[in-house]
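Chemist: Predicted structure and sequence below. I'll ask about it afterward.
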Amino acid sequence: MSTTTNTTSASILRGPMIALLGYLVFSTHDAIVKSLDDYSVLQTIFFAMLFGYVPFSLARITDKRLTTLRPNNPMLVILRSILTVASMCFAFIAFSILPMVQVYVLLFTTPVIISLLAIPFLGERIYLPRWAAIILGLIGVIIVLRPTPDSLEWGHVFGLVSAFCGASAAIISRKIGNLESSATLILFPLTLNVLVTGSMLYFVYKPMPFNDLVAMFSVGVLGLLGQLLVLNSYRLSPAAFVAPMQYSQLIWAVLFGVLFFDESIDKWVVIGSLITITSGMIIVWRETVASKTQPTLSTPNPRIVMSDETNSVNAHTTP
């Protein structure tokens with residue numbers, strides 16, 4: 001009995017550990033994106049998606065577990081893809097303008113927005129604990145940003161719009177996730193990303209030295225690697241253990257910001273970030289424990305195109 005218990009505990013702990021590694025990979029991805037601010041966001045996304053799209057296409061050909069690509073709800077699949085592309089574009093722009101910590105705090109409002117959108121679009125009722133978490137999350141964002149006419153920038157708007165688009169995509173995923181194949185949910189946003197940004201490349205393209213081309217290649221590779229790590233972590237452990245690991249990105253944001261981008265962090269950013277983290281963890285706990293369901297909480301990093309496959313895994317496996 002004790003051997004079985006120890007094995008189960010070890011299995012549950014492997015998920016969060018792999019998730020921590022995955023979110024470190026994503027934070028490194030974001031730092032590279034931020035360093036490429038000499039280029040148009042459209043150019044960066046095109047090459048990042050291209051380098052991520054090709055490995056996925058090879059996997060699509062060789063992995064027989066991936067089923068049909070034909071959507072059962074084409075309009076919703078397309079709308080979700082558009083929202084995913086928009087979320088990624090706005091997030092990349094925000095990273096190019098703001099300190100990494102501020103962008104993460106803005107993106108971490110995604111669970112709060114999902115909870116609010118679930119009321120009119122999914123008919124869900126929100127009880128006092130989640131309302132408290134929503135208000136707490138908003139307070140945390142206000143503390144970090146300390147909004148005044150002089151302190152607010154377009155980057156803050158782009159970050160919030162990215163979170164809203166990501167939350168809207170997650171709501172659609174909750175409606176169609178059980179009706180669409182994982183391959184469809186992954187491939188459609190990737191394809192749309194390549195088509196949209198590729199069509200604009202003629203107008204924004206800037207020649208790249210070899211080092212910058214390698215950096216853009218790294219963005220695509222790290223994005224794909226992060227997706228695989230996070231997806232695997234959700235397969236190994238319950239979402240309640242894995243989802244809070246995304247907040248470790250704030251630690252890396254502080255470290256990378258200080259080391260590579262000459263960013264300074266004051267006590268109010270730390271306090272506001274901790275409040276926002278607490279809010280998100282309460283929402284995760286509420287959905288996984290009190291509601292007895294797996295949460296549809298898309299990771300706050302909108303370039304994680306497999307995050308909704310993660311939700312599908314959660315819905316169909318028993319931890």
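Modeler: Okay, I see it. What you see is a predicted model, and the numbers here were worked out from it, not measured in a lab.

Chemist: quick one: pLDDT of the residue nearest to residue 155 when sequence neighbours are not counted?
Modeler: Nearest non-adjacent residue to residue 155, counting by CB to CB, 6 or more residues apart in numbering: residue 97, 3.2 Å away. C-beta here means a position set from N, CA and C on the backbone, and glycine is covered the same way. pLDDT, residue 97: 90.

Chemist: Please apply the same query to the one 10 residues further on.
Modeler: We have a pLDDT of 89 for residue 107.

Chemist: Distance check, it against residue 78.
Modeler: 24 Å (CB to CB, to the nearest Å).

Chemist: So between those two, which is more surrounded?
Modeler: residue 107 (25 against 14; other CB atoms under 10 Å).

Chemist: Verify the stated contact: that one with residue 165.
Modeler: No. Using CB atoms under 8 Å as the test, residue 107 is too far from residue 165 to be in contact (10.8 Å).

Chemist: Who are the contact partners of residue 92?
Modeler: Residue 92 sits next to 33, 41, 44-45, 303 when contact means CB atoms under 8 Å, 6 or more residues apart in numbering.

Chemist: For it, pull up the helix or strand it's in.
Modeler: Residue 92 is part of helix 74-97 when elements are defined by DSSP states H and E.

Chemist: Only C-alpha atoms, please: export that helix in CSV.
Modeler: Presented in CSV, the C-alpha positions along helix 74-97 are these (Å, rounded to 0.1, in the frame of the first residue of the first chain):
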residue,chain,number,x,y,z
PRO,A,74,-16.0,25.7,-38.3
MET,A,75,-17.2,29.2,-37.4
LEU,A,76,-16.2,28.8,-33.8
VAL,A,77,-12.9,27.2,-34.6
ILE,A,78,-12.1,30.1,-37.0
LEU,A,79,-13.2,32.7,-34.4
ARG,A,80,-11.1,31.0,-31.8
SER,A,81,-8.1,31.0,-34.2
ILE,A,82,-8.5,34.7,-34.9
LEU,A,83,-8.7,35.4,-31.1
THR,A,84,-5.6,33.3,-30.5
VAL,A,85,-3.6,35.1,-33.3
ALA,A,86,-4.7,38.5,-31.9
SER,A,87,-3.8,37.5,-28.4
MET,A,88,-0.3,36.5,-29.5
CYS,A,89,0.2,39.7,-31.5
PHE,A,90,-0.8,42.0,-28.7
ALA,A,91,1.2,40.1,-26.2
PHE,A,92,4.4,40.3,-28.4
ILE,A,93,3.8,44.1,-28.8
ALA,A,94,3.4,44.5,-25.0
PHE,A,95,6.6,42.6,-24.3
SER,A,96,8.4,44.9,-26.7
ILE,A,97,7.2,48.0,-24.8
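
Chemist: got a pLDDT number for the closest residue to residue 21 other than its chain neighbours?
Modeler: Using CB to CB, 6+ apart and skipping the chain neighbours, the partner closest in space to residue 21 is residue 229 (5.6 Å). On pLDDT, residue 229 comes in at 86.

Chemist: Enumerate every residue touching residue 247.
Modeler: The contact partners of residue 247, taken as CB under 8 Å, 6+ apart, are 108, 277, 280-281.

Chemist: same thing with residue 31?
Modeler: Contacts of residue 31 (CB under 8 Å, 6+ apart): 100, 252, 256, 260-261.

Chemist: Just the closest of these to residue 15, please.
Modeler: Nearest to residue 15 among the contacts of residue 31: residue 252, at 19.2 Å, using CB to CB.

Chemist: in the helix or strand harbouring the closest one, what's buried?
Modeler: Using DSSP H and E, residue 252 sits in helix 249-260. By neighbour count with 16 or more other CB atoms under 10 Å, helix 249-260 contains the buried residues 249-250, 252-254, 256-257.

Chemist: Just give me the closest of the residues you listed to residue 207.
Modeler: residue 256 (27.0 Å).

Chemist: surely the closest one meets residue 27?
Modeler: Yes. Between residue 256 and residue 27 there is a contact under CB under 8 Å: 6.6 Å.

Chemist: Show the contacting residues for the closest residue to residue 241 other than its chain neighbours.
Modeler: Leaving out its chain neighbours, the residue that sits closest to residue 241 by CB to CB, 6+ apart is residue 16, at 5.1 Å. Neighbouring residues of residue 16 by CB under 8 Å, 6+ apart: 233, 237, 241-242, 245.
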